[in-house]
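>>> Provided below for reference: sequence and predicted model.
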Amino acid sequence: MRPDGPGADTADATGRQTAVVVGGGLAGTTAALALADAGLDVTLLEGRPRLGGLAFSFKRGDLTIDNGQHVYLRCCAAYRWFLDRIDGAALSPLQERLDVPVLDADRNRLGRLRRTALPVPLHLAASLATYPHLSLAERANVGRAALALKGLDLGDPALDERDFGSWLAEHGQSRRAVEALWDLVGVATLNAVAGESSLGLAAMVFKTGLLSEPGAADIGWARVPLGELHDTLARKALDSAGVRTELRTRVTSISRTENGRWSVEVPGERIAADTVVLAVPQRETYDLLPDGALDDAERLLAIGTAPILNLHVVYDRKVLKRPFFTALGSPVQWVFDRTEASGLTEGQYLAVSQSAAQDEIDEPVAVLRERYLPEFERLLPAARGAKVHDFFVTRERTATFAPAPGVGALRPAARTNAPGLYLAGAWTATGWPATMEGAVRSGVSAADAALAALDRPRGHLFREAA
C-alpha cells in the first residue's frame, strides 16, 4: 500500500488513474478486475485473510469444507463471465439439462423437475404433466399461474410492494403447490418463503429462470472447494491484472481531499485514489459513507438480512447415489454430495443447505443433530445403520438481504452523490436477489459507472449486467 506522505494525494508514478476497492467478495473482486482491465491502477482491500466474501472454504482436519452450498443457473451470465475471467468455468460446470430430483418424505415418492429442448413454456410441460407431488388440478393451476407470472412487467414498482404468497393465492395456488413447487425454487433463490418475498423479486426469479429460455434454469455448482475459485483463482487473476491485493486490512474511513480525490484510511496508512468502490455489506457501507453521499443513507439500515444454516454430515459409507436432491414433507431442503470436492477418500460427505432458517440459526449443534440425522435416515434408507463420522454446522446469520416487500425501494444504485464514489454488493439495486450472480452484476455496474465518469473505455466487461 502507499504510505501517507507528501505524494499521497497525487497520481501514481505511472500517471495512471487510481482506484481503491473496499471488500474482496465477488462484488469487490469483479469491480477490481474490471477497473484493472480498463487500465486503472487498482488496490483491493479486504479485512478477512481471504477473498470470496460469504462464498468461501475452510479446512476441517483433512477435509476442505465450503461454508455453504452455492449454485448458479445458466441464465446467470454475469457469474459465468466471472468464472471465465478467472479461468474457473471448467471447475464449476452446468448440467446439460435441468434435472432436479424431488423426494416426498411422507409418501416415499420421487419426482423430477426436468426440461426438454422445446421452446418456453413447453420445455417444462412434460415434467409438470407427470409431476407426482401435485394433483392434476394443481398442475393445471400451476400452468395458468406461470402464464400470468410471465405477463408481469418487472419494471412496475408496484410489484415490489406486494408479497408473492398472496399473489399465488389469488392465482389459485394451493398450499401444496406452494410447498412442492413455488417455495421449492423460491426459498433456495430468494432465501424467504413466498409470503415473505417481494412479488417483484420472485417474478424476476421465475421469469428469468423458468420462463425465458429453455436452458435458463440448468444448474451449475463447483466441483472443487469454493475457495479454489473465489480465493485462489480470483487472487491469481487479480495478480495477473496488476491489482494490489491487501488482506487483513480493514478500512476505517474514506474522505474527500482538498483536490477532489479520495483518501482511504487503514490503520497507520492513507491511500489516495481517483475512484473508490465500497463493496461491503450495507451496515459497513453506512458506517463508511461520507455525509451527503446518499440522499437518505438511513435506508441502508432498513434493508433487513436473512440467515442460512448449513449442516455437514460425514458417513462411513455411500448413502446417496445422486449428486443432489431436494425434499418435501421434511425439514431437510437441498442436499448435495460434496465427497470428492472436500477431499474425502472413504465414506460420503453430504452438505445440507437450509435457507430462510430464522427459527434454527441459533439452535445448538446437539439439537440439530438429534433433529436431522433421523430425517436423513427417513429420506435415505442407505443411511440407516451407517456410522456418522462427523456432524457439524456452519451458520451465516446475515447470509443475504431479506427480499421482503418494499426492499426494492431501499436498494441503492451504484452511483452516489459523491463524484468518484460507487457502491457494489448483492444488496444494491441489481434487480436480482442476493445471489452470486447479483454480486457480480453489482461489481460490473460499479466499475462501469466509474469508467464512464472517468471517460475510460469499458474493456471486456460483461455488458448485459449494467
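Okay, I see it.
>>> CA only for contacts and neighbour counts going forward, please
Will do.
>>> And the lowest-mean-pLDDT helix or strand in the chain, what does it pack against?
Ranked by mean pLDDT, DSSP states H and E, the weakest helix or strand in the chain is helix 125-129, scoring a mean of 94. Helices and strands touching helix 125-129, by 3 or more Cα pairs under 8 Å, 6 or more residues apart in numbering; DSSP states H and E, are strand 109-114, helix 136-150.
>>> Distance to residue 315 and mean neighbour count added to the ones you listed, as JSON lines?
Putting the helices and strands packed on helix 125-129 into JSON lines (distance: least, Cα to Cα, whole Å; neighbours: other Cα atoms under 10 Å) gives the following:
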{"stretch": "strand 109-114", "distance to residue 315": "23", "mean neighbour count": "17"}
{"stretch": "helix 136-150", "distance to residue 315": "37", "mean neighbour count": "17"}
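>>> Against residue 178, how distant is the residue nearest to residue 408 when sequence neighbours are not counted?
Distance criterion Cα to Cα, 6 or more residues apart in numbering; nearest residue to residue 408, sequence neighbours excluded, is residue 160 at 6.1 Å. As for residue 160, its distance to residue 178 is 20 Å (criterion: Cα to Cα, to the nearest Å).
>>> which one of the two has more residues nearby?
residue 160 (24 against 20; other Cα atoms under 10 Å).
>>> closest to residue 317 out of the helices and strands packed on helix 125-129?
strand 109-114 (22.3 Å; Cα to Cα).
>>> Just checking: what are the partner strands of that closest one?
In the sheet, strand 109-114 lines up against strand 99-104 (antiparallel) (DSSP bridges).
>>> What mean pLDDT does the strand it pairs with get?
With pLDDT averaged residue by residue, strand 99-104 scores 98.
>>> that older thread, pretty sure the residue nearest to residue 408 sits against residue 198.
Yes. Between residue 160 and residue 198 there is a contact under Cα atoms under 8 Å: 5.3 Å.
>>> Find the residues that touch each one of those two.
Common neighbours of residue 160 and residue 198, counting by Cα atoms under 8 Å, 6 or more residues apart in numbering, are 405-407.
>>> so which of those residues is the most crowded?
residue 407 leads the shared contacts of residue 160 and residue 198 on contacts (other Cα under 10 Å) with 23 neighbours.
>>> Tell me the gap between stretch 182-197 and the middle of its chain.
The chain centroid and the centroid of stretch 182-197 are separated by 14 Å under Cα atoms, centre = their mean, to the nearest Å.
>>> So, low pLDDT: which residues of the stretch 351-466 of the chain?
Flagging of the stretch 351-466 of the chain using pLDDT under 70 yields the residue ranges 459-466.
>>> how about the residue nearest to residue 408, what does it touch?
Contacts of residue 160 (Cα under 8 Å, 6+ apart): 198-201, 405-409.
>>> quick one: which two of these are the most distant?
Of all pairs in the contacts of residue 160, the most separated under Cα to Cα is 199 and 409 at 13.2 Å.
>>> Looking at those two, which is more packed in?
Ranked by neighbour count (other Cα under 10 Å), residue 199 and residue 409 place residue 199 first, with 29 against 13.
>>> number of nearby residues for the nearest residue to the more buried one once chain neighbours are set aside?
Distance criterion Cα to Cα, 6+ apart; nearest residue to residue 199, sequence neighbours excluded, is residue 164 at 4.3 Å. Neighbour count of residue 164, defined by other Cα under 10 Å: 26.
>>> Kindly provide the distance from residue 164 to residue 202.
7 Å.
>>> ditto for residue 36
35 Å.
>>> Neighbour count: those two, which is higher?
residue 202 (29 against 23).
>>> got the contact list for that one?
So residue 202 contacts 164, 186, 190, 194 (Cα under 8 Å, 6+ apart).
>>> Could you dump the residues you listed into CSV with secondary structure added?
Formatted as CSV, these follow (DSSP: H, G, I helix; E, B strand; the rest coil):
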residue, secondary structure
164, helix
186, helix
190, helix
194, helix
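>>> Find the residue closest to residue 325 in space, skipping its chain neighbours.
In space, residue 325 is closest to residue 101, 5.0 Å off (Cα to Cα, 6+ apart).
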